[in-house]
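Asker: no sequence on this one, just coordinates:
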DNA sequence: TCCTGATCATTT
DNA sequence: AAATGATCAGGA
């Protein structure tokens, strides 16, 4: 089932059809080998779900389903029903951000419509036995978007002022910035305190687990 | 136990 | 190097 869904309804239908299935069962038709753990296959679950739902974007910086304007996010859930991890959204721009507004940002576009797909994530469950949960299609409410926008503006102000190296994961109520790189030696261009170019660790935007937990709780029930 | 900072694979 | 897909791992 690797053709692109023609509508949101079709995408949701496919997601509902794989709900309850194990990764082992889903891996067979996709011709994917199930890893013993995800240490060296951190994106495996996401790619497995992309195959079944017909995502087409690959590694391009656009939504997973650009034709219907939907982003797919798998989210690992623990025994307590809550997310085990934060959710990576996209790379944080560190240059060329003069005049960039929340409304025109890449992150807002990605979060404008999200298909959340909860998956069993406890490490003690063998990967092949972990199951997919029920999908949730979501767009941020005005309140939720205001929270995101506020965090984004504070973080982007720091970046614009050359204070990217002062940003830690503690900043941001629902949206945070953390390293997003192969390792701590990776470098990318950014602004220094006096506006001069500097090299710094690449960063990404992540949604705090407390925020995604709230979303799932609020819209599932 | 939680959560921040670090890390892994792949593709372009 | 930068974008995608994320989870790992250890110190607070």
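Answerer: The structure has been received and is ready for your questions. Remember, it's a predicted structure, so these values are computed and weren't measured experimentally.

Asker: how far away is residue A:40 from DNA strand C?
Answerer: When C-beta to the nearest atom of the strand, to the nearest Å is the yardstick, residue A:40 and DNA strand C sit 8 Å from each other. (C-beta placed from N, C-alpha, C; glycine too.)

Asker: Is it correct that that residue falls within a helix?
Answerer: No: using DSSP: H, G, I helix; E, B strand; the rest coil, the assignment for residue A:40 is coil, not a helix.

Asker: Per-residue pLDDT of it, please?
Answerer: If you check residue A:40, the pLDDT there is 98.

Asker: try the one 3 residues further on
Answerer: Reading off the confidence values, residue A:43 has pLDDT 97.

Asker: And residue A:94, its phi and psi?
Answerer: For residue A:94, the backbone dihedrals (degrees, to the nearest 10) come out as phi -110, psi -10.

Asker: Report the spatially nearest residue to it, omitting neighbours in sequence.
Answerer: Of all residues not flanking residue A:94 in the chain, residue A:190 sits nearest, at 3.9 Å (C-beta to C-beta, 6 or more residues apart in numbering).

Asker: how about the strand or helix carrying residue A:90: buried residues?
Answerer: Taking DSSP states H and E as the definition, one finds residue A:90 inside strand A:87-91. For strand A:87-91, burial by neighbour count (16 or more other C-beta atoms under 10 Å) applies to A:87, A:89-91.

Asker: again with stretch A:131-150
Answerer: By 16+ other C-beta under 10 Å, the buried positions in stretch A:131-150 come out as A:131-133, A:135-136, A:138, A:140, A:144, A:147-149.

Asker: So the residue nearest to residue A:94 versus DNA strand B, what's the distance?
Answerer: Taking C-beta to the nearest atom of the strand, one finds residue A:190 at 15 Å from DNA strand B.

Asker: so how far is residue A:214 from the closest residue in space to residue A:187 that isn't next to it in sequence?
Answerer: In this structure, residue A:187 finds its nearest non-sequential neighbour in residue A:199, 4.2 Å apart by C-beta to C-beta, 6+ apart. Shown here: residue A:199 relative to residue A:214, a distance of 37 Å by C-beta to C-beta, to the nearest Å.

Asker: between the two, which one's more packed in?
Answerer: Neighbour count, other C-beta atoms under 10 Å: between residue A:199 and residue A:214, residue A:214 has more, with 16 against 10.

Asker: tell me the average confidence for the helix or strand harbouring that one?
Answerer: Applying DSSP H and E as the criterion places residue A:214 in helix A:209-220. The average pLDDT within helix A:209-220 is 97.
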